[in-house]
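Student: below are the sequence and a predicted model; questions follow.
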Amino acid sequence: MEAKKSKKRALRGLIFVAILVGSLIFTSNILAGPQETIMSPTVTRIVATEPVHQKIVELPSPTMTPMPILVVLTVEASLLRPSDPLLVRIVDKNHPVDWWFVLNIRTSLVNVGEACTRQGMKALIWNTPSKAHEVAVNDLCGLMNASYEAGSRLTLRSAFRDLKDQEEARKQTDFPDRVLLPGESQHHTGLAFDFTSPSVGYQLVSEFNNTPEYKFLVEHGWEFGFVESYVADHDGVIQEPWHWVYLGPELARKYLELKAQGIVKDPFEFQALYPQP
């Protein structure tokens, strides 16, 4: 009886060992066998059994065409700041002034003859008393004195005009259509001046541009801040070689620079570069 039980226990032990060995062999085969692909949720890897010959092709690196750098210097950025806003104030048919403006200008007017005398400067004046704005009178005296010392006889014929004076100027001419209406003239600012000379009978005529006095104005007027106003048919006004406006020396120089570059044609276009009231 005991012998039979021993045999059964030995048989069960052998069966257990056989099962254990078989399991180990099966597991070992699975782990050691070649795998063609190993999958993961995001990566696939191919394991090759033969060497793979790769041909490396070098592609040209992308090149970027350099963009040109454009620097724009606006005319406005190069402008000078006027010492007085009145120097760049446009007065014409599209920018007339009223009696209130003229009334304010009157408070800043100076008698030209008296101012030049106080400075010991020589000035030939046709109509007295002629008045100019205080910002221009010193340079006006300097201009006429320099002309006199140079041997020319530059003569001041007209300076500040109020609205009534402008109307009288229209009545006294044979061509009233060529004279601006009250409120449209630069003379209302006290910065515009009409010049003449003995060689044209002290008249305001186109022949003035053939005189030594006109030549002096062209060559030296800007040094004192004066430039010729009507040179480009502005407001339909013919060229008036006798009519000059005061911008001040620095602005006059800048205006001539821009005019030479073809940016502006006349002082009105130059003044238009600045904000207007």
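Tutor: That came through fine. Residues are numbered from 1 along each chain as shown.

Student: quick one: the helices in the stretch 101-250 of the chain, in order.
Tutor: For the stretch 101-250 of the chain, the helices defined by DSSP state H, counting those that start in this stretch occupy 112-118, 137-149, 163-172, 212-220, 249-260.

Student: which one of those helices has the most crowded surroundings?
Tutor: Looking across the helices of the stretch 101-250 of the chain with neighbours counted as mean count of other C-beta atoms under 10 Å, the highest average goes to helix 137-149: a mean of 20. Any C-beta I mention is one placed from the backbone N, CA and C, and that applies to glycine too.

Student: using CSV, write out every CA atom in that one.
Tutor: Extracted in CSV, the C-alpha atoms of helix 137-149 (Å, rounded to 0.1, in the frame of the first residue of the first chain):
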residue,chain,number,x,y,z
VAL,A,137,11.9,144.7,-40.5
ASN,A,138,15.5,144.2,-39.4
ASP,A,139,16.3,142.0,-42.4
LEU,A,140,14.4,144.4,-44.7
CYS,A,141,16.6,147.2,-43.5
GLY,A,142,19.7,145.0,-44.0
LEU,A,143,18.7,144.1,-47.5
MET,A,144,18.1,147.7,-48.7
ASN,A,145,21.3,148.9,-47.0
ALA,A,146,23.3,146.2,-48.6
SER,A,147,21.8,147.1,-52.0
TYR,A,148,22.6,150.8,-51.5
GLU,A,149,26.2,150.0,-50.6
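
Student: now that helix against helix 212-220, angle please.
Tutor: Here helix 137-149 runs at an angle of 120 degrees relative to helix 212-220 (axes from the mean of the first three to the mean of the last three C-alpha atoms, to 10 degrees).

Student: what's the angle from helix 137-149 to helix 249-260?
Tutor: 70 degrees.

Student: can I get the helices of the stretch 101-250 of the chain in CSV with distance to residue 101 and mean pLDDT?
Tutor: Shown next, in CSV, are these (distance: least, C-beta to C-beta, whole Å; pLDDT from 0 to 100):
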stretch, distance to residue 101, mean pLDDT
helix 112-118, 21, 97
helix 137-149, 19, 98
helix 163-172, 10, 88
helix 212-220, 27, 98
helix 249-260, 21, 98
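
Student: a markdown table for those helices, including distance to residue 184?
Tutor: Shown next, in a markdown table, are these (distance: least, C-beta to C-beta, whole Å):
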| stretch | distance to residue 184 |
| --- | --- |
| helix 112-118 | 23 |
| helix 137-149 | 23 |
| helix 163-172 | 8 |
| helix 212-220 | 24 |
| helix 249-260 | 21 |
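
Student: tell me where the model's unsure across the stretch 101-250 of the chain.
Tutor: 174-177 (pLDDT under 70).

Student: show me what residue 155 is bridged to.
Tutor: Note on residue 155: beta-bridge partners by DSSP bridges are residue 124, residue 196.

Student: does it touch residue 195 like I think?
Tutor: Yes: using C-beta atoms under 8 Å, residue 155 is in contact with residue 195, at 6.6 Å.

Student: return every residue with contacts to both of those two.
Tutor: residue 213 (C-beta atoms under 8 Å, 6 or more residues apart in numbering).

Student: hang on, the earlier thing: which one of the helices of the stretch 101-250 of the chain lies closest to residue 186?
Tutor: helix 163-172 (10.5 Å; C-beta to C-beta).

Student: and the closest one, how far out from the chain's middle?
Tutor: 38 Å (C-alpha atoms, centre = their mean, to the nearest Å).

Student: ranges for the strands of this structure?
Tutor: Secondary structure of the chain (DSSP state E): strands at 37-39, 44-46, 109-111, 124-125, 131-133, 155-158, 192-196, 226-228, 243-246.

Student: roughly how far out does the fourth one sit from the chain middle?
Tutor: It stands for strand 124-125. That offset, for strand 124-125, works out to 40 Å (C-alpha atoms, centre = their mean).

Student: run through the neighbouring helices and strands of that strand.
Tutor: strand 155-158 (3 or more C-beta pairs under 8 Å, 6 or more residues apart in numbering; DSSP states H and E).

Student: which strands or helices does the strand it packs on pack on?
Tutor: Taking 3+ C-beta pairs under 8 Å, 6+ apart as the contact cut, strand 155-158 packs with strand 124-125, strand 192-196.
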